[in-house]
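Undergrad: fold the following.
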Amino acid sequence: MTDLQVSDRNITVSGTGDTVIWFNAFAEESAGLRAKLTESGIGGFTLVTVDVPDWDAALSPWRAEALSPDSEPFPGNAPDYLHLLTDTIMPEVSAACGLSPRRNLLAGYSLAGLFAVWAFWQTDRFDAAASISGSMWYPGFAEYVCSHAPCRVPEQVYLSLGDRECRTRHPLLSAVQENTERVYRRMQELHADTVFELNPGGHTKHAAQRTAKGIAWLLGREGAR
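TA: Got it, this is the predicted structure:
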């Protein structure tokens, strides 16, 4: 395992495979995910975990109002972060660790899951995506995905939610399952190899286990297309 810092981002690299999983996360998520992936028994990949401390800013695709009076609006800085990820972090990590990626997979949980799907509408640098409990409630996101063409159709897309995530009185958050299903149907229209799974529990239930499950599905689908 190698720890790096690129552009003030703490990065952890583990594994030696030529399929590289770029996982945007809070730093504390990394160890749990590595453990669950090890338990899955799937090898042949490199996991690169990028710590994203400015979560709501870096991963929101455009400006949006705050979810509550006690929270801040979403600044919509994902275009800047995606540029940093593809043009600085990915090449510098690859050079430092001697990586020659055959495939680049983008994965994330919650808002990072939204980012993992949105990125395909902005760049062709990734091959597949795993969006676990993705924040598809984000204002205008499902409409955007359904009305615009991606820069590249993902080879595989894994989508999942907890089956209790939509059970809220919040008008935006309650639409998360409906919108995720819209995104899933859009991926089918684009002929991406895709799946949508519901897992027991709410938004934070078994996060590492569910993330590992999504990544394992992507790895198991290699060569299916």
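Undergrad: ok, residue 116 - contacts?
TA: The neighbourhood of residue 116, defined by Cβ atoms under 8 Å, 6 or more residues apart in numbering, consists of 24, 106-108, 129-131, 134. For the C-beta atoms, the positions are set from N, CA and C on the backbone; glycine is no exception.
Undergrad: buried residues, stretch 131-145. List them.
TA: 131-139, 141-142, 145 (16 or more other Cβ atoms under 10 Å).
Undergrad: return the distance of it from the chain's centre.
TA: For stretch 131-145, the separation from the chain centroid amounts to 12 Å (computed by Cα atoms, centre = their mean, to the nearest Å).
Undergrad: one more: stretch 101-120?
TA: 3 Å.
Undergrad: just stretch 116-123 next, same as before
TA: 10 Å.
Undergrad: so which bits of it are buried?
TA: Buried residues in stretch 116-123, defined by neighbour count with 16+ other Cβ under 10 Å: 116-120, 122-123.
Undergrad: tell me the mean pLDDT over it?
TA: Across stretch 116-123, pLDDT averages out at 98.
Undergrad: ends of it, how far apart?
TA: 11 Å (Cα to Cα, to the nearest Å).
Undergrad: then stretch 194-206?
TA: By Cα to Cα, the extent of stretch 194-206 from end to end equals 22 Å.
Undergrad: and of the buried residues of stretch 131-145, the nearest to residue 188?
TA: Closest approach between these and residue 188, by Cβ to Cβ: residue 145, at 12.3 Å.
Undergrad: what residues does the closest one make contact with?
TA: Residue 145 touches 117-118, 121, 182-183, 186, counting by Cβ under 8 Å, 6+ apart.
Undergrad: tell me which of these fall in helices.
TA: Mapping the contacts of residue 145 onto helices (DSSP state H) picks out 117-118, 182-183, 186.
Undergrad: can you name the two of the residues you listed that are farthest apart?
TA: It's 118 and 182 that sit farthest apart of the ones in helices among the contacts of residue 145, by Cβ to Cβ, at 14.1 Å.
Undergrad: which residues of the chain fall in helices?
TA: Applying DSSP H to the chain gives helices spanning 29-40, 55-58, 78-84, 90-97, 111-118, 141-147, 176-189, 207-220.
Undergrad: can I get the first one in PDB, CA atoms only?
TA: When you say that, I think you mean helix 29-40. C-alpha atoms of helix 29-40 as PDB (Å, rounded to 0.1, in the frame of the first residue of the first chain):
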ATOM      1  CA  GLU A  29     -13.700   4.900   4.100                       C
ATOM      2  CA  SER A  30     -10.600   3.500   2.400                       C
ATOM      3  CA  ALA A  31      -9.600   0.800   4.900                       C
ATOM      4  CA  GLY A  32     -13.100  -0.700   5.200                       C
ATOM      5  CA  LEU A  33     -13.500  -0.900   1.400                       C
ATOM      6  CA  ARG A  34     -10.100  -2.600   1.000                       C
ATOM      7  CA  ALA A  35     -11.100  -5.100   3.600                       C
ATOM      8  CA  LYS A  36     -14.400  -6.000   2.000                       C
ATOM      9  CA  LEU A  37     -12.800  -6.200  -1.500                       C
ATOM     10  CA  THR A  38     -10.200  -8.600  -0.100                       C
ATOM     11  CA  GLU A  39     -13.000 -10.700   1.400                       C
ATOM     12  CA  SER A  40     -14.700 -10.900  -2.000                       C
END
